[in-house]
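> fold the following.
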Amino acid sequence: MSSFRRHAPAAQPKPPPATRINPHSAQLLVSTGVPALDDVLGGGLPVGGILLVEEDRQTGYSAVLMSCFASQAVAAGHRLCVVDADRDVDPKTQFPGWSGSASSVGAAEAPPPPPPPAAKGGDEDPMKIAWRYQSLPRVDEADGSGDAQRGAAAPGVPFCERFDLSLRISAAAVEAAQIDVLDADCIRRMAGGEQYGGDMYQCVLDRVSGLIDGGFSSLQAAPPGADRNVLRISIQSLGSGFWRGSDSLSILRFLHRLRGILRYSYAVCMVSFPAHLYEDAGARLPIVRRVEHLCDAVIELESFEGARTTPSAIVARQARNAAAAAAAAVQDYHGFVHIHKLPRLNSLTPSTGRLSLLHTGGGSANNLAFRLRRKRFSIETYHLPIEGGVGERRTPADPASSGGGCGSLSARADPLAF
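All right, here's what the predicted structure looks like:
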């Protein structure tokens with residue numbers, strides 16, 4: 001009897017739902033809920049990383065971004081942990097729904113979602129002026145844009161849903177989802193015991209660590225017959241006045257420990273940080289840069305309404321010189337998006353320059369703007385409108401230059417001619 005045995009390859013583990021593999025660094029990615037933000041980050045947010053969102057001043061655009069991140073967890077079937085110490089309202093009621101789903105309140109009356117873009121060479125209207133851009137890839141709001149470059153998503157569940165901010169997830173869908181909410185009262189009640197001595201940060205850290213040890217740790221084998229899942233952690237307004245004892249050392253210690261826990265887990269975290277509260281005479285304190293250093297990706301939302309001065313010198317100069325049409329085009333955007341740090345897990349350089357359409361299409365870290373529409377939050381490349389408006393520019397003819405030939409009439413206009 002021969003002892004030869006055919007070597008069969010081991011079965012590859014099934015990836016978690018609504019995830020994709022980064023072809024550059026082989027890192028597992030999840031969606032933030034905003035396709036344009038996924039494109040800026042290089043295809044999505046790496047599993048095991050922390051995304052820091054520096055809040056806008058006097059406006060609530062960052063809360064919309066956090067709600068899209070939480071709604072994506074419900075749509076993908078991920079486990080969600082919401083840490084909200086700033087609001088008395090139940091955060092479950094603030095999750096936006098998605099179009100064409102019966103789990104969204106008012107989905108029956110909502111219009112059907114727009115059809116997907118046609119393929120190249122189809123029946124779509126060709127460009128008449130900028131025809132050279134016809135063949136370039138576009139950043140589309142629909143799911144699946146750029147899959148050829150960023151890697152295919154897991155089958156069955158879309159990588160990113162199309163959320164409608166005018167809808168809300170129904171109560172039945174929220175109850176069916178796996179959501180843990182730590183509000184202000186719950187955190188203070190747990191931290192008030194003898195175990196923590198009022199340390200709210202340590203209380204939240206132990207709760208998150210317990211959730212990760214319950215089946216989301218990469219150091220533990222998956223149970224037989226069970227598939228891996230992703231834990232999403234949403235921490236809103238970290239370091240604000242509602243966090244008692246929020247000194248700089250406590251915030252830095254919390255982020256340092258949280259980053260170490262997430263590195264070896266199937267978890268991802270998005271943190272909003274009110275950086276405008278840590279300023280002295282208009283200049284940011286050193287703690288802001290230290291907080292940014294402890295996170296894997298950092299973006300900042302600067303709204304036009306909450307800015308202390310004019311949005312920028314370019315916008316101010318344009319508002320003075322442009323006409324009403326140009327001023328209306330400036331108001332079409334609601335603020336700037338500043339990218340302070342890009343994720344580079346398992347890599348020395350970020351993969352955004354190779355996989356991002358916004359960056360390769362002329363965008364960079366200092367010319368991105370966001371707009372909040374009735375149904376959608378989008379990030380686009382900021383373009384200045386045409387000086388003088390979009391209408392046709394009519395220059396009156398110079399009277400001195402008309403009729404200068406021999407035998408012509410006088411160049412002066414007849415005062416009696418109407």
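> strands of the stretch 201-350 of the chain, start to end?
231-236, 267-273, 279-280, 283-284, 297-303, 335-341 (DSSP state E, counting those that start in this stretch).
> residues in contact with the first one?
By C-beta atoms under 8 Å, 6 or more residues apart in numbering, the surrounding residues in contact with strand 231-236 are 30, 63, 66, 69-70, 72-73, 78-87, 91, 204, 208, 211-212, 216, 265-272. C-beta coordinates here come from the backbone N, C-alpha and C atoms, glycine included.
> re earlier: and the strands of the stretch 201-350 of the chain as JSON lines, adding distance to Gly44, mean pLDDT and mean neighbour count?
Shown next, in JSON lines, are the strands of the stretch 201-350 of the chain (distance: least, C-beta to C-beta, whole Å; pLDDT from 0 to 100; neighbours: other C-beta atoms under 10 Å):
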{"stretch": "strand 231-236", "distance to Gly44": "12", "mean pLDDT": "95", "mean neighbour count": "24"}
{"stretch": "strand 267-273", "distance to Gly44": "9", "mean pLDDT": "96", "mean neighbour count": "26"}
{"stretch": "strand 279-280", "distance to Gly44": "32", "mean pLDDT": "86", "mean neighbour count": "10"}
{"stretch": "strand 283-284", "distance to Gly44": "29", "mean pLDDT": "86", "mean neighbour count": "10"}
{"stretch": "strand 297-303", "distance to Gly44": "11", "mean pLDDT": "94", "mean neighbour count": "23"}
{"stretch": "strand 335-341", "distance to Gly44": "15", "mean pLDDT": "92", "mean neighbour count": "19"}
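> could you dump the ones you listed to JSON lines with distance to Ile261?
JSON lines is the format used below for these (distance: least, C-beta to C-beta, whole Å):
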{"stretch": "strand 231-236", "distance to Ile261": "10"}
{"stretch": "strand 267-273", "distance to Ile261": "8"}
{"stretch": "strand 279-280", "distance to Ile261": "30"}
{"stretch": "strand 283-284", "distance to Ile261": "27"}
{"stretch": "strand 297-303", "distance to Ile261": "17"}
{"stretch": "strand 335-341", "distance to Ile261": "20"}
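> just the pLDDT for Ala397.
pLDDT for Ala397: 56.
> and Leu51, what pLDDT?
The model's pLDDT for Leu51 equals 97.
> test my guess that it contacts Ile299.
Yes. Counting by C-beta atoms under 8 Å, Leu51 does reach Ile299; the two are 7.5 Å apart.
> could you list the low-pLDDT ranges of the stretch 51-200 of the chain?
Low-confidence segments of the stretch 51-200 of the chain (pLDDT under 70): 85-89, 100-156, 193.
> the strands in it, which residues?
Remark: strands assigned in the stretch 51-200 of the chain by DSSP E, counting those that start in this stretch are 79-84, 96-98, 104-105, 163-169, 179-182.
> out of those strands, which comes closest to Gly260?
Nearest to Gly260 among the strands of the stretch 51-200 of the chain is strand 79-84; the distance by C-beta to C-beta comes to 17.4 Å.
> and the closest one, which residues are buried?
For strand 79-84, a neighbour-count test (16 or more other C-beta atoms under 10 Å) marks Arg79, Leu80, Cys81, Val82, Val83, Asp84 as buried.
> wait, what's in contact with the fourth one?
Counting by C-beta under 8 Å, 6+ apart, Val82 makes contact with Ala70, Pro91, Lys92, Ile179, Asp180, Val181, Leu182, Ser234, Gln236.
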